[in-house]
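Peer 1: okay, predicted coordinates and the sequence, questions at the end:
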Amino acid sequence: MPTTRPVVTFDVGQTLLELDAAYLAARLASQGVVVTAAAIDAASAGAWASYEAEIRAGGEHHPWKLLMERWLAGAGVGAGAGPGRHALVEWLWQAQPTHNLWRRPVPGMIDVVDALRGRGVVVGVVSNSEGHVAELLAEVGWGDRFAAVADSGRLGVAKPDPGIFAWAAAALGADPARSIHVGDSDAADVAGARAAGWSALWFGPQAAATRAAGAPARPGVLVAADADEVAAALATWPAA
């Protein structure tokens with residue numbers, strides 16, 4: 001039976017944890033590749049634009065290798081001597097289960113999680129990942145924060161397929177009418193949540209930029225630029 005309590009789920013990558021540019025730079029340095037964390041951070045927007053476009057085009061639901069190829073290219077990696085980008089991406093992918101690159105906490109977001117839990121909200125995770133999200137959350141000290149973790153790498157279904165939200169709803173006892181998903185990808189997080197009958201909170205710089213450009217509000221979709229705005233949006237959600 002669905003819970004009477006509201007349910008909030010979070011994406012992980014770029015929502016709870018973001019790519020740790022310094023960590024990636026150090027990993028690449030171990031392969032003889034010199035790149036700065038600043039260059040990696042600067043390449044983020046272009047890489048994520050490619051990721052979103054791939055999902056919107058109906059391609060792979062978790063195009064990790066495409067994302068990383070574009071990210072490294074934008075940072076100037078693989079253009080000269082040393083290992084090529086394709087080989088580096090394969091090496092990073094194989095190591096991802098034990099050396100996850102998404103390990104830098106997004107400022108303020110775990111505080112939002114804790115505040116929700118303090119209010120009695122059921123909190124979970126819905127993530128397109130490689131099958132080791134629960135282990136990553138435990139590694140960063142957050143393993144006890146979430147009532148259930150829906151990891152596409154374990155379930156075989158990925159956002160925006162509403163099936164992953166159906167799994168989360170069953171695990172959390174969620175009523176879609178009282179459930180909202182927070183994530184940075186319009187193509188995966190927002191589209192998937194809405195297809196499952198949930199509300200969505202589109203989070204991050206792309207969401208903020210779209211709002212600033214005057215995009216009209218969409219039914220069932222909230223927008224937040226940062227953790228403070230997420231907290232404010234969820235403080236009165238769901239409306240009585």
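Peer 2: Thanks, I have the structure now.
Peer 1: do you know how far Val113 is from Val7?
Peer 2: Applying CB to CB, to the nearest Å, the value for Val113 to Val7 is 13 Å. To be clear about C-beta, it is placed using only N, CA and C from the backbone, and glycine gets the same treatment.
Peer 1: do the same with Ala166
Peer 2: Distance of Ala166 to Val7, given as CB to CB: 13 Å.
Peer 1: between Val113 and Val7, which has more neighbouring residues?
Peer 2: Neighbours per residue (other CB atoms under 10 Å) separate Val113 from Val7, with Val7 holding more: 26 against 22.
Peer 1: and the more buried one, bridged to which residues?
Peer 2: Taking DSSP bridges as the rule, Val7 bridges to Val122, Ser179.
Peer 1: so who does it touch?
Peer 2: Neighbouring residues of Val7 by CB atoms under 8 Å, 6 or more residues apart in numbering: Val121, Val122, Val123, Gly124, Ala169, Leu172, Gly173, Ala174, Asp175, Arg178, Ser179, Ile180.
Peer 1: of those residues, closest to Trp142?
Peer 2: In terms of CB to CB, no member of the contacts of Val7 lies closer to Trp142 than Val123, at 10.7 Å.
Peer 1: now the nearest residue to Val106 once chain neighbours are set aside: how far from Asn100?
Peer 2: In this structure, Val106 finds its nearest non-sequential neighbour in Glu18, 5.3 Å apart by CB to CB, 6 or more residues apart in numbering. To Asn100, Glu18 is 12 Å away according to CB to CB.
Peer 1: top helix in this structure by residue count?
Peer 2: Using DSSP state H, we find that the single longest helix of the chain is helix 44-56.
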